[in-house]
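Undergrad: Give me a 3D structure for the following:
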Amino acid sequence: MVVRVSVEIHQNNESRRHVQKRMRTGQSHAIRKRIKQARGFPMHRLNSMDSAWTALDVVTQTMFQKAIDDPKSVDLEKLSDAFVDQSLKDISFCKDAGRMCYAVVQAEAQKAATSVFRRNLLTRLQQKFTTREETRNRSVQEWVCLVTFICSIFDYIKVNNAPLVALVDPVYDCLYRLAQPDALMNEEEVDCLVVQLHRVGEQLEQTNSQRMNQLFYLLRDGFLLQEDLRSMTRLLLLEILEFRASGWTLTDTAHKYYYSEVAD
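TA: Coordinates of the predicted model:
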């Protein structure tokens, strides 16, 4: 499937030249920055400069610090609720919140031998996932935050070095929704789709390659058949199609093509 998609995309030279003609330095730089943020997330010590940390109020910051030091001294359900609530209204928090949740999960497992935080976190995510279409209809921004947060949790929190099985299908379902024709018309949703595939695509495919194939059929059809897409959307779709076709990486040539800062 991957090879066939790659061939079909490269054959569509007219669309590719059109995308290149419309590309601008500012847009290219913005895309590169967002994707770098998704793929370059070192596990460094949290401090006051972290966007996720500064997005929290003082009460939640204090709860978090106590949870790391002594999980038994904190209402971990309340803390997980605070993380979920903040994630749905603040994109600067939800994109990196998985790292903070991971820290709490690890501290609880090591110092309290319990999993209250993780259990309540997954319960809340399941509730929000169940009402995802209502969320999208009410607020695309909140919907994008939900997807970003779920993917962040999937990315960071592991059990025996494997992704949480309970999140595999929800993550796929969210990405499928972002790949639908109406979502491809929305810049926020397309941006979210591509960034999250850069973040979790490879490990997600390892859990269920058939569903990833189906997702990329949708993306291929959107790129080739949906005539009313914006030029930047076509560029993003083309990039992610080639990214997966190349084994979830980009050649130096492809990287220069997509992320050149030289204006045409």
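Undergrad: Can you report phi and psi for Ser139?
TA: Note on Ser139: its backbone torsions stand at phi -160, psi 110 [degrees, to the nearest 10].
Undergrad: does the nearest residue to Asp81 once chain neighbours are set aside count as helix, strand or coil?
TA: What sits nearest to Asp81 in space, not counting adjacent residues and going by CB to CB, 6 or more residues apart in numbering, is Arg124, at 6.5 Å. Every C-beta, even on glycine, is put in place using the N, C-alpha and C of the backbone. Classification of Arg124 by DSSP: H, G, I helix; E, B strand; the rest coil places it in helix.
Undergrad: how near is Arg124 to Leu225?
TA: 38 Å (CB to CB, to the nearest Å).
Undergrad: between these two, which one's more packed in?
TA: Using other CB atoms under 10 Å as the criterion, Arg124 and Leu225 rank with Arg124 on top: 17 against 9.
Undergrad: Could you pick out the longest helix of the chain?
TA: When the chain is parsed with DSSP state H, its longest helix is helix 187-207.
Undergrad: contacts for that helix?
TA: Here helix 187-207 makes contact (CB atoms under 8 Å, 6 or more residues apart in numbering) with 34-35, 37-39, 41, 140-141, 143-144, 147-148, 151-152, 154-155, 163, 165, 168, 171-172, 175, 178-179, 183-184, 212, 230, 232-233, 236-237, 239-240, 243-244, 248.
Undergrad: Over to stretch 68-87?
TA: By CB under 8 Å, 6+ apart, stretch 68-87 touches 55-56, 60, 63-64, 66-67, 93-94, 97, 100-101, 103-104, 107-108, 111-112, 114, 116-117, 120-121, 124-125, 128, 145-146, 148-149.
Undergrad: Over to stretch 120-127?
TA: 76-77, 80-81, 83-84, 101, 149-150, 153, 164, 166-167, 170.
Undergrad: Which members of the residues you listed define the maximum pairwise distance?
TA: Taking CB to CB, the two most distant members of those are Leu76 and Pro170; they sit 21.9 Å apart.
Undergrad: Of the two, which one has the most company?
TA: Leu76 (25 against 22).
Undergrad: Emit the ChimeraX select command for whichever of the contacts of stretch 68-87 are buried.
TA: A single ChimeraX command suffices to select whichever of the contacts of stretch 68-87 are buried according to 16 or more other CB atoms under 10 Å:
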select :55,56,60,63,64,66,67,93,94,97,100,101,103,104,107,108,112,116,117,120,121,124,125,128,145,146,148,149
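Undergrad: In the longest helix of the chain, which residues are buried?
TA: For helix 187-207, by 16+ other CB under 10 Å, it's 189-201, 204-205, 207.
Undergrad: Now stretch 243-257: buried residues?
TA: Neighbour-count burial for stretch 243-257 [16+ other CB under 10 Å]: Phe243, Arg244, Ala245, Leu250, Ala254, Tyr257.
Undergrad: repeat for stretch 153-165
TA: Neighbour-count burial for stretch 153-165, counted by 16+ other CB under 10 Å, picks out Ile153, Phe154, Asp155, Tyr156, Ile157, Pro163, Leu164.
Undergrad: For the stretch 51-200 of the chain, just list every one of the strands.
TA: 158-159, 162-163 (DSSP state E, counting those that start in this stretch).
Undergrad: Contacts made by the last one with the rest, please.
TA: This points to strand 162-163. With CB under 8 Å, 6+ apart, strand 162-163 has contacts from Phe154, Gln203, Leu204, Thr207.
Undergrad: partners of it in the sheet?
TA: Strand 162-163 pairs in its sheet with strand 158-159 (antiparallel), by DSSP bridges.
Undergrad: what distance separates the partner strand from the centre of its chain?
TA: 18 Å (CA atoms, centre = their mean, to the nearest Å).
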